[in-house]
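Colleague: with the sequence up front, the predicted model follows.
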Amino acid sequence: MTTTERESPPNPLARVDISRLTRDAARDHPSHPAICDSSGDRATALELDARADAMAGAFADIGLAPGETLMVAGGARVSSCVALLAGLRAGLNVALAPPHAPPAMLAAFASRVDARAIACQTSLGDHSPMLDMFEVAARATGVRMVCGLGPEAFDGAVNLAGEGFGAPSQIDSDSAAAIVTFAKGGGAVYHAQKTLFVAAIDVARRGRVGFGETIVSCLAPTGFAGLAIGPFLALAMDAPLYLIDPFDSAALIAALESRAPAHLIAPGALAGPLAEAGLLRPDLLRALLLLDRSGDGAGSLAPLGDTGGVAIVDLHAFGEQAVIAEPRGPEARPLPPAREPHMIEIGEARVLSVRRRAGPGPLGFEGEAVSAG
């Protein structure tokens with residue numbers, strides 16, 4: 001071993017593993033609320049860990065082997081997060097996709113990532129995605145089975161929410177397992193877990209999210225933005241996470257009133273309606289974080305004027321490769337993304353750098369924590 005090797009500090013991102021972070025949370029504060037959703041499903045840190053462990057055992061029971069790919073086409077539900085954790089804990093690559101995408105696109109995605117099984121909720125409000133998932137399985141010949149995440153059973157699908165499973169997984173989680181998200185047109189983008197974790201840290205720092213402060217999100221954890229600003233942000237900040245799906249104004253108001261003050265993460269299109277509904281109040285919101293998916297850095301978010309003292313933060317998503325936070329300027333006017341460079345360094349290594357290049361053109365994303373297209 002050389003002197004340089006002996007003196008090089010360990011990189012804390014080398015083994016970032018959301019499953020391990022969940023285990024640590026269950027050990028350190030088992031009774032703390034971890035996650036809940038608008039369907040009424042909820043879990044403490046200990047319960048979330050136990051459910052992920054049981055589902056990982058179920059994946060092994062139904063014949064999924066480490067290194068294979070599980071596709072989760074889930075909504076903003078606790079069960080989507082459990083399936084993600086369980087898949088990684090079972091040594092599976094987990095491919096995440098929106099359940100409302102056309103079946104042909106989902107099938108192309110499933111084939112591209114070589115999915116062997118599909119898991120989704122049997123109902124999301126008034127929508128039942130299961131028939132679409134069977135069509136996807138028929139089109140993607142590598143898929144061996146369709147699994148239901150509840151709340152009810154569905155004929156022909158493995159019921160992962162039912163009895164008969166629950167043997168704790170004996171497979172150690174592996175941070176090398178990939179997380180794959182669904183890009184426009186059914187493309188696939190592969191992510192290291194450290195990438196999502198660093199994006200969450202950047203959003204927490206620039207988006208004014210403090211430790212232990214409640215996060216209410218209208219984003220499904222099935223894309224880069226929903227993952228980074230959902231489960232990864234909540235674990236990084238030791239924060240309770242509340243998921244709203246499907247969007248319902250009464251459910252949102254009830255969630256905010258019972259958890260106030262909270263950080264609300266919502267699509268940019270909801271900014272005006274939230275203001276008109278009188279929800280921009282410091283007693284309800286610590287901050288409103290608005291997602292812009294334009295992906296070109298120009299932004300499509302409108303000024304809000306008087307926000308009643310609520311901090312407004314724009315979250316700029318760049319396809320399925322990055323998301324950065326920019327607090328708004330005077331009169332809640334949007335500012336250009338990366339107007340000031342975003343940089344996260346560990347030791348002497350820069351793991352994330354986002355800056356504007358001179359002249360017109362896209363932003364520059366550099367460092368080890370950047371997803372490949």
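Modeller: Nice, thanks for sending it over.
Colleague: going by C-alpha atoms from here, please, whenever you check contacts or count neighbours.
Modeller: Fine.
Colleague: helices along this protein, start to end?
Modeller: For the chain, applying DSSP state H gives helices covering 3-7, 18-28, 45-61, 78-89, 103-112, 130-139, 193-207, 224-227, 233-236, 249-259, 271-276.
Colleague: nearest to Leu285, of these?
Modeller: helix 249-259 (7.6 Å; CA to CA).
Colleague: related to what we said a few turns ago, any idea which of the helices of the chain is most buried?
Modeller: helix 78-89 (a mean of 26; mean count of other CA atoms under 10 Å).
Colleague: any idea of the mean pLDDT in that one?
Modeller: Mean pLDDT, helix 78-89: 95.
Colleague: give me the most central residue, this protein.
Modeller: Centroid-nearest residue in the chain: Leu227, 1.3 Å away (criterion: CA atoms, centre = their mean).
Colleague: hang on, isn't that residue packed against Pro221?
Modeller: Yes: with contact defined as CA atoms under 8 Å, Leu227 reaches Pro221; the gap is 4.5 Å.
Colleague: rewinding a little: mean pLDDT lowest where, among the helices of the chain?
Modeller: Lowest mean pLDDT of those: helix 3-7, a mean of 49.
Colleague: one step back: in TSV, list the helices of the chain along with distance to Val146.
Modeller: Converted to TSV, those look like this (distance: least, CA to CA, whole Å):
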stretch	distance to Val146
helix 3-7	48
helix 18-28	23
helix 45-61	12
helix 78-89	13
helix 103-112	12
helix 130-139	7
helix 193-207	26
helix 224-227	23
helix 233-236	29
helix 249-259	30
helix 271-276	37
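Colleague: quick one: closest of the ones you listed to Arg293.
Modeller: Once those are compared by CA to CA, helix 224-227 is nearest, at 9.2 Å.
Colleague: CA atoms only: put that closest one into PDB for me.
Modeller: Only the C-alpha atoms of helix 224-227 are listed here, as PDB (Å, rounded to 0.1, in the frame of the first residue of the first chain):
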ATOM      1  CA  PHE A 224     -35.400  11.000 -10.100                       C
ATOM      2  CA  ALA A 225     -37.100  14.100  -8.600                       C
ATOM      3  CA  GLY A 226     -39.700  12.100  -6.600                       C
ATOM      4  CA  LEU A 227     -37.000   9.800  -5.200                       C
END
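Colleague: now do that helix: everything it contacts.
Modeller: 181, 196, 219-221, 317, 320-323 (CA atoms under 8 Å, 6 or more residues apart in numbering).
Colleague: out of those, which are inside strands?
Modeller: 181, 317, 322-323 (DSSP state E).
Colleague: about what we covered before: from Arg42, how far off is the residue nearest to the centre of the chain?
Modeller: Computed as CA to CA, to the nearest Å, the Leu227 to Arg42 distance reads 18 Å.
Colleague: now swap in Gln193 and tell me
Modeller: Distance, Gln193 to Arg42, using CA to CA: 24 Å.
Colleague: could you do Val351 as well?
Modeller: To Arg42, Val351 is 34 Å away according to CA to CA.
Colleague: that older thread, out of the helices of the chain, which is closest to Gly162?
Modeller: Nearest to Gly162 among the helices of the chain is helix 45-61; the distance by CA to CA comes to 10.5 Å.
Colleague: from what I can see Gly75 touches Pro99, true?
Modeller: Yes: applying CA under 8 Å, one finds Gly75 in contact with Pro99, separated by 6.8 Å.
Colleague: ends of stretch 80-100, how far apart?
Modeller: End residues of stretch 80-100 are separated by 14 Å (CA to CA).
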